[in-house]
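A.B. asks: sequence-free structure coming up:
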């Protein structure tokens, strides 16, 4: 079984920062592209950023310069550093990863975390 567990969300004032973490665990053979998505109340889930296994990154244009995605392959963990937060960044942030595991040998499978709430408010 494979799990993604996010942490680091919470309440932060406008202009503040948060660092989200997502750790993958279980019978993992290889981690592919990892990503962060977010979903605000009443809106569709949207991509924030993704990072390949080799470290190449891509961001949604509106968040470039404020959000930084990184990963530690030795820890099977992906991070999202969010700076200069705005009230409109309030959302549930979800981790996503493509994983090759012993559960489905040879088949890359997409997994999601349970989400972590980020609230930006004074």
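C.D. replies: Looks like it arrived, so ask away. All figures in this text were calculated on a predicted structure; none of them were measured in a lab.
A.B. asks: Next, name the residue at the spatial heart of this structure.
C.D. replies: residue 36 (2.9 Å; CA atoms, centre = their mean).
A.B. asks: which SS state does that residue fall under?
C.D. replies: strand (DSSP: H, G, I helix; E, B strand; the rest coil).
A.B. asks: That one contacts residue 68, correct?
C.D. replies: No. Counting by CB atoms under 8 Å, residue 36 stays clear of residue 68, with 10.5 Å between them. Any C-beta I mention is one placed from the backbone N, CA and C, and that applies to glycine too.
A.B. asks: shared neighbours of these two, which are they?
C.D. replies: 49, 80 (CB atoms under 8 Å, 6 or more residues apart in numbering).
A.B. asks: just to revisit the earlier point, residues contacting the residue nearest to the centre of the chain?
C.D. replies: Taking CB under 8 Å, 6+ apart, we find residue 36 in contact with 20, 22, 47-50, 69, 78, 80, 93-96.
A.B. asks: Type out the ChimeraX command that picks the buried ones from those residues.
C.D. replies: Typed into ChimeraX, the line below selects the buried ones among the contacts of residue 36, using 16 or more other CB atoms under 10 Å:
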select :20,22,48,49,50,69,78,80,93,94,95,96
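A.B. asks: can I get the contacts of residue 36 in JSON lines with secondary structure, pLDDT and distance to residue 63?
C.D. replies: What follows is the contacts of residue 36, written out as JSON lines (DSSP: H, G, I helix; E, B strand; the rest coil; pLDDT from 0 to 100; distance: CB to CB, whole Å):
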{"residue": "20", "secondary structure": "strand", "pLDDT": "98", "distance to residue 63": "13"}
{"residue": "22", "secondary structure": "strand", "pLDDT": "98", "distance to residue 63": "17"}
{"residue": "47", "secondary structure": "strand", "pLDDT": "97", "distance to residue 63": "10"}
{"residue": "48", "secondary structure": "strand", "pLDDT": "98", "distance to residue 63": "6"}
{"residue": "49", "secondary structure": "strand", "pLDDT": "98", "distance to residue 63": "7"}
{"residue": "50", "secondary structure": "strand", "pLDDT": "98", "distance to residue 63": "12"}
{"residue": "69", "secondary structure": "strand", "pLDDT": "98", "distance to residue 63": "10"}
{"residue": "78", "secondary structure": "strand", "pLDDT": "98", "distance to residue 63": "16"}
{"residue": "80", "secondary structure": "strand", "pLDDT": "98", "distance to residue 63": "10"}
{"residue": "93", "secondary structure": "strand", "pLDDT": "98", "distance to residue 63": "12"}
{"residue": "94", "secondary structure": "strand", "pLDDT": "98", "distance to residue 63": "15"}
{"residue": "95", "secondary structure": "strand", "pLDDT": "98", "distance to residue 63": "16"}
{"residue": "96", "secondary structure": "strand", "pLDDT": "98", "distance to residue 63": "16"}
